[in-house]
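Visitor: Structure for the following, please:
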Amino acid sequence: MKWVLDRILLVITAVFLAAASWGFYHYTGQWGAPILLTIAFIGLLADNYRLRKLLRDNGIDFRSERRKRWEQRHERSGR
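Guide: Numbering: from 1, shown residues only. Predicted coordinates for the structure are as follows:
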C-alpha cells in the first residue's frame with residue numbers, strides 16, 4: 001500500500017513541476033534560456049569558490065603543476 005502513496009506523490013510532483021516549467025517559459029518568453037544559464041553560471045562560480053576555500057582551509061594547493069611552472073617562469077623573467 002505504501003507504493004500507491006509513493007506513485008501518487010510522484011504524479012503530483014510531476015504535474016507541479018510541469019506547471020512550474022510551463023509558467024516559467026510562458027512568463028519569461030525568449031529570456032528563459034539566458035536566465036537559466038545565468039543562474040547555472042553563478043552557481044558554478046559559487047561552487048568553485050566554496051571548493052577552493054575548502055582546499056585552502058585544508059592546506060591543499062589547488063593550482064596545477066603547469067600553472068606553477070608558468071608562474072615561476074614569468075616571475076623570473078620579470079613580466
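Visitor: how close does residue 55 sit to residue 63?
Guide: 10 Å (CB to CB, to the nearest Å). C-beta here means a position set from N, CA and C on the backbone, and glycine is covered the same way.
Visitor: any common contacting residues for those two?
Guide: Residues touching both residue 55 and residue 63 (CB atoms under 8 Å, 6 or more residues apart in numbering): there are none.
Visitor: Now do the helices in this structure.
Guide: Ranges of helices within the chain are 2-28, 32-57, 65-77, based on DSSP state H.
Visitor: which outside residues touch the shortest one?
Guide: Read that as helix 65-77. Residues outside helix 65-77 that contact it (CB under 8 Å, 6+ apart) are residue 63.
Visitor: quick one: the helix or strand of the chain with the lowest mean pLDDT to chain centroid distance?
Guide: Counting by mean pLDDT, DSSP states H and E, the weakest-scoring helix or strand in the chain turns out to be helix 65-77, with a mean of 78. For helix 65-77, the gap between its own C-alpha mean and the chain's C-alpha mean amounts to 30 Å (CA atoms, centre = their mean, to the nearest Å).
Visitor: quick revisit: tabulate the helices of the chain in CSV, adding columns for mean neighbour count.
Guide: Putting those into CSV (neighbours: other CB atoms under 10 Å) gives the following:
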stretch, mean neighbour count
helix 2-28, 10
helix 32-57, 11
helix 65-77, 10
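Visitor: These: lowest mean pLDDT?
Guide: Ranked by mean pLDDT, the helices of the chain end with helix 65-77 in last place, scoring a mean of 78.
Visitor: Dump that helix to CSV, keeping only the CA atoms.
Guide: Presented in CSV, the C-alpha positions along helix 65-77 are these (Å, rounded to 0.1, in the frame of the first residue of the first chain):
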residue,chain,number,x,y,z
GLU,A,65,51.8,22.0,-11.7
ARG,A,66,51.6,23.5,-15.2
ARG,A,67,50.3,26.8,-13.7
LYS,A,68,53.0,26.8,-11.1
ARG,A,69,55.7,26.3,-13.7
TRP,A,70,54.2,29.2,-15.8
GLU,A,71,54.2,31.5,-12.8
GLN,A,72,57.8,30.6,-11.9
ARG,A,73,58.9,31.2,-15.5
HIS,A,74,57.2,34.6,-15.7
GLU,A,75,58.3,35.6,-12.2
ARG,A,76,62.0,35.1,-13.2
SER,A,77,61.7,36.9,-16.5
